[in-house]
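S.K.: Here is a sequence together with a model predicted from it:
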Amino acid sequence: MSIHAVGLPPGIATHELADAEGLAAAMARQVADVLRAAIDTQGRATLVVSGGRSPVAFFERLAEQALDWQRVTIGLADERWVPLGHPDSNAGLVERHLLRGQAAQAQFVGLYRPAESLEAAAQLADAALAGLPQPIDVLVLGMGEDGHTASLFPGSPNLAAALDPACPRRCLPMLAPSVPHQRLTLSLPLLAAARLTLLQIQGGAKLATLRAALAGEDVLQMPIRAFLHSPLEVYWCP
Ligand SMILES: O=C1O[C@H](COP(=O)(O)O)[C@@H](O)[C@H](O)[C@H]1O
């Protein structure tokens, strides 16, 4: 199977790489180029990344890129409601694999906040997101086999609110079907305003998910559908 067989609409560029290392290196080069151009024109750049298992090699290749990292602010598309030291923490993943070497000079705006409830934590994260320069220059999304992206999970309370183009909140509490259930996600208006969005997926199962997403329209069933339009570029490897 190939990404070219999926039938992405015109305007969505695709990049098919031979393996995960090639994909990570190609993405890192493109992201660094776009961040460099943003620094040249605006004096600063904003990168928002996703967590999960997929982005480790990409983070490590990106951290090696020559960039004026002090002028880069890095945020997260979503977070598991666990402290930094927890193995499922997306902030922990970024800290271990991206904020290293010269890239440690970047500013990081994380989402996890200790609070008495997930809702209270989301409100604190929402306030902290005022410190993330917007619009986002580069957004890197992943996708689950259920069609979720960021922590926009099918069936979660708050999903309709988070996917509302007029959602007034930057961050909302969400519930995932997998452990850890309690999540925080950026809402659609903040994510969709990104100047460039890259979707990183690997393997035949995720290609089949992408094909299913393209065959329908209900964003509540498959939230990735809200992002399947320009400016999007899809990176895939078997
Ligand atoms: O739970 C999550 O899942 C998606 C996909 O993760 P992957 O490891 O299968 O690529 C990810 O994009 C999201 O940020 C994460 O919290």
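M.R.: Sure, I can see it.

S.K.: got a list of contacts for the longest helix along the chain?
M.R.: For the chain, the helix reaching the highest residue count under DSSP state H is reported as helix 20-42. Contacts with helix 20-42, where a contact means Cβ atoms under 8 Å, 6 or more residues apart in numbering, come from 15, 17, 44-47, 57-58, 60-62, 64-68, 71-72, 137-138, 140, 195-196, 198, 200, 202, 233, 235-237. No exception for glycine: its C-beta is placed from N, CA and C like everyone else's.

S.K.: Buried ones among those?
M.R.: Listed as buried from these are 15, 17, 44-47, 57-58, 60-62, 65, 67-68, 71-72, 137-138, 140, 196, 198, 200, 202, 233, 235-237; burial here means 16 or more other Cβ atoms under 10 Å.

S.K.: Intersect the residues you listed with the contacts of the ligand.
M.R.: Near the ligand, taking Cβ under 6 Å from any ligand atom as the test, no member of these is found.

S.K.: Next step: these restricted to strands.
M.R.: 15, 45-47, 72, 138, 140, 196, 198, 200, 202, 233, 235-237 (DSSP state E).

S.K.: Ser117: how many residues sit nearby?
M.R.: Other residues lying near Ser117 total 11 when counted by other Cβ atoms under 10 Å.

S.K.: distance of it from the ligand?
M.R.: 20 Å (Cβ to the nearest ligand atom, to the nearest Å).

S.K.: same question, Ala20
M.R.: 11 Å.

S.K.: In contact with Ser230, which residues?
M.R.: 11-12.

S.K.: try 6 Å this time
M.R.: By Cβ atoms under 6 Å, 6 or more residues apart in numbering, Ser230 lies in contact with Gly11.

S.K.: host element of it?
M.R.: Secondary structure from DSSP states H and E places Ser230 outside every helix and strand.

S.K.: where does it fall, phi/psi-wise?
M.R.: Reported as degrees, to the nearest 10, the phi and psi values for Ser230 are phi -60, psi 150.

S.K.: how about the residues of the protein near the ligand?
M.R.: So the chain meets the ligand at 50-54, 77-78, 90, 142-144, 150-151 (Cβ under 6 Å from any ligand atom).

S.K.: residues of the longest helix of the chain that come out buried?
M.R.: Within helix 20-42, the residues that count as buried by 16+ other Cβ under 10 Å are 20, 23-28, 30-32, 34-36, 38-39.

S.K.: who's sitting farthest from the centroid in the chain?
M.R.: Centroid-distance maximum for the chain: Glu116 at 26.3 Å, with Cα atoms, centre = their mean.

S.K.: okay, and for this protein, where does confidence drop off?
M.R.: Within the chain, not a single segment meets pLDDT under 70.

S.K.: Filter the residues of the chain next to the ligand down to the ones in helices?
M.R.: Asn90.

S.K.: got the residues of the chain next to the ligand as TSV, with neighbour count columns?
M.R.: Compiled in TSV, the residues of the chain next to the ligand are given as follows (neighbours: other Cβ atoms under 10 Å):
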residue	neighbour count
Ser50	24
Gly51	24
Gly52	15
Arg53	8
Ser54	19
Ala77	26
Asp78	27
Asn90	25
Gly142	22
Met143	24
Gly144	21
Ala150	30
Ser151	31
